[in-house]
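**Student:** Mind folding the following:
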Amino acid sequence: MAAGYSARHKPRRPAAPAAPVAPREPRDVSLHGERRIDDYFWLRDRDDPRVLRHLKAENKHTAVWFAPHAALRKQLYEEMLARIQQDDEDVPCRDGRWWYSSRTLAGRQYPVEIRRAAAGPERRFDAHAADEVLLDLNEMAEGKAYLELGSFDVSPDGRWLAFSLDETGGLDYTLHVKDLASGAVLPLAIPGTEGAVWGNDNRTLYYLTVDEARRAHRLWRHVIGSGRPDRLLFEEADEAFSLGLGKTRDHRYVVLQIDSADTSEVRVLDADRPLARPRVVLQRRSGIEYSIDHREGRFYLLVNDTGRNNRLASVDARRPKLARATELIAHRGDVMLEEADVFARHLVVTERIKGSLQLRVRDLLSGEEHRVAFDEPVYSASGFDNAEFDTTQFRFEYTSLVTPAAVYDYDLATQERVLRKREPVLGGFDASLYASERLDATAQDGTKVPISLVYRRDLRANAGANTKADERTLEQTNEAGPQPLLLYGYGSYGIPSEPEFSSARLSLLDRGVVFAIAHVRGGGDLGRTWHDAGKMAEKHRSFSDFIACAEALIEQGWTEPSRLIIQGGSAGGLLVAAAVNQRPELFKAMVAEVPFVDVINTMLDESLPLTVGEFLEWGNPKIAAQYGWLRAWSPYDNLQRGAYPAMLLETGLNDSQVQYWEPVKYAARLRTLKTDHNPVLLQINLDAGHGGASGRFDALWELSLSSTFMLDQWGLAR
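**Tutor:** Numbering: from 1, shown residues only. So this is what the prediction gives:
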């Protein structure tokens, strides 16, 4: 379909019924001398029967609004589904004597976890070897509205499988153990877990449990068949810190990673000694973050003690001291050391340079180095499934906005690259029809903020940028400048917004939509300092950066306000909602998934998951100065009377990370203030949490809803 459209040809919609009205029950939430009244605080009470009735009424209102577009939504879903190869299998990865992979079957929502025995002394992959089904999540999901696999760890001898399942979407994982020899699942069922790792004796299982705020805070040891109570090995009392659990690649140590927002401590247990206690590698020091791996009696540290973007060093594993460290790669202000993969004879370091990931390989015996080269200007590349220690094979995934994800095996010694699989995109997908670019916007303080774009070449307008929207026709698409554009952003926690391929996105690109990512400060797109420049007192920069990106795309003729839709999820929902508060006239519509919008009230409630741990990301409103900067941009608290863009807000009743009531309260309050007739729609998944539907087809059906909404707002809903 052509990219342009005429306003006079836009289909008419019958007047929609009035949105649900939430009762106003004023509650005084004043703080630091400022009077604040929250009329919708009562919506937090799950036990109030009015809450569920209101949520169902919101869903019904949204369903009525979408009813005229039922055929389009069905069409979009079928398009997205038709591009997926339903019978598919991941590239098998070797771990010990087995090759593991995940398989999907036609018509089934969930994967099947399988393995095959390795062949010969080389432990090579044998495609004809018999499959052993470890878990069939389709069978396990029968009769359940939601199912998510968490932990998945097989004992070194291949007999025992530790796995955890969440059946609510609220990160409520229960740990189980399966005997792979008999196929029986043991009676053991431990609720409230996060992470599990086997000791080398094949009987000792280490696992984490969470507190009431779902913070992983305790490390336990369970011994299969012992009949003894599980032993508590460590408890983290500081609510700002949470635990992670892993194992060094050489299987020498179980690793307990203890992290706050800006400080780390690592403790290790000898994986060969079942009765070992955790010992500290480096004592925690405020502001110092590090992670470890192990090789030949030395811990390899990725640590930020000499600069925010990390250096790589090694220390004696028996008596680790930073003062005696051997520096392998020094800190550089313009390069972020993201990850270090340590193997028996090689080191692979993932570096982020000017926003792009690069793989740097070092031969640990000769000291020689080389880089893995990539051709596209905008891409993402990272290692994964590299379980083996004594190997020269390094597996990585490569993708871009126009290139489906490809899995490569790279020989670290010979530099030979072998393509193992490219994500199949059915329906005649041709990557050459699409183009990707990297642009810059200039922020208020002069900082250059990157923007990644992708569009369909033959639908890209090259002229007529000054033509008025109401003077264009559909046939004049390629003569018009501005196009419908979807601007996505995240910008928090130092998490980068990677330019990755999406086959579902093709349904927008093929209708003439340009997709753009704003790599705003607060994310990790340009390293740790990029994060530092957009958090705490500087969080306002995330929002001004996003607005600058929108303005640059308009000024450069890519789009115009009447065609610009913005999208973000979770902390990205905060980003787009704050931007709308500041510049509502700049955007046609906003799509926010599980948006973090009721910032002050949430950060005042330390019983909620994430709150205490995120004081160093957003600020603590109990501190007057920090309340001041939160109050300046909290979306719920800064709604004002006036015109707002159309909005679609999506959430999950069981979301433990951003509670359902945040967007529900936001919508209720906004409707009392907005002076326009643009819709504010809420879609609440009553059976899921932060990640939405768990089944792959259900997830596509959810995605078709937001795509339908956007196409309607662009006038492309036919």
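**Student:** Where do the strands of the stretch 451-600 of the chain begin and end?
**Tutor:** 485-489, 514-518, 564-569, 589-593 (DSSP state E, counting those that start in this stretch).
**Student:** pLDDT value on the nearest residue in space to Ser226 that is not next to it in sequence, please?
**Tutor:** In space, Ser226 comes closest to Arg203 once its chain neighbours are excluded; the distance is 7.6 Å by CB to CB, 6 or more residues apart in numbering. C-betas here are computed from N, CA, C, even on glycine. Note for Arg203: predicted pLDDT of 97.
**Student:** picking that back up, what would the strands of the stretch 451-600 of the chain look like in TSV with mean neighbour count, distance to Arg395 and mean pLDDT?
**Tutor:** Supplementary listing: these in TSV, determined by neighbours: other CB atoms under 10 Å; distance: least, CB to CB, whole Å; pLDDT from 0 to 100:
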stretch	mean neighbour count	distance to Arg395	mean pLDDT
strand 485-489	25	28	98
strand 514-518	26	26	98
strand 564-569	26	28	98
strand 589-593	25	31	98
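**Student:** if we can go back for a sec, give me the distance between the residue nearest to Ser226 and Phe234.
**Tutor:** With the distance defined as CB to CB, to the nearest Å, Arg203 ends up 20 Å from Phe234.
**Student:** Please tell me I have it right and the residue nearest to Ser226 contacts Val223.
**Tutor:** Yes: Arg203 sits in contact with Val223 when judged by CB atoms under 8 Å, with a separation of 5.5 Å.
**Student:** Now list whatever residues contact both of the two.
**Tutor:** The contact sets of Arg203 and Val223 overlap at Pro274 (CB atoms under 8 Å, 6 or more residues apart in numbering).
**Student:** Below-threshold pLDDT in this structure: ranges please.
**Tutor:** Counting by pLDDT under 70, the chain contains low-confidence residues at 1-17, 461-480.
**Student:** Sketch out the helices for it, chain order is fine.
**Tutor:** Remark: helices assigned in the chain by DSSP state H are 49-66, 70-82, 137-140, 506-509, 528-532, 540-555, 571-582, 599-604, 624-633, 661-673, 696-714.
**Student:** Could you single out the most deeply buried of those helices?
**Tutor:** Ranked by mean neighbour count under mean count of other CB atoms under 10 Å, the helices of the chain are led by helix 571-582, which reaches a mean of 27.
**Student:** contacts for that one?
**Tutor:** 488-493, 520, 522, 542-544, 546-547, 550, 566-568, 586-587, 590-597, 599, 633-635, 638-640, 644-645, 649, 658, 663, 666.
**Student:** at 7 Å what do you get?
**Tutor:** 489-493, 542-543, 546-547, 566-568, 587, 590, 592-597, 599, 633, 635, 638-639, 644-645 (CB atoms under 7 Å, 6 or more residues apart in numbering).
**Student:** Likewise for stretch 600-609?
**Tutor:** Among residues not part of stretch 600-609, those counted as contacts by CB under 7 Å, 6+ apart are 29, 38, 213-215, 611-612, 618, 620-622, 630-631, 634, 637, 656-657, 659, 662.
**Student:** again, but for stretch 39-56
**Tutor:** Outside stretch 39-56, the residues that touch it by CB under 7 Å, 6+ apart are 20, 22, 24-27, 29, 653, 661, 664-665, 668-669, 684, 686.
**Student:** So which residues of the stretch 301-450 of the chain form strands?
**Tutor:** Read by DSSP E, counting those that start in this stretch, the stretch 301-450 of the chain holds these strands, from start to end of the chain: 311-316, 326-329, 335-342, 346-353, 356-363, 369-372, 380-383, 393-399, 406-411, 417-422, 434-442, 448-456.
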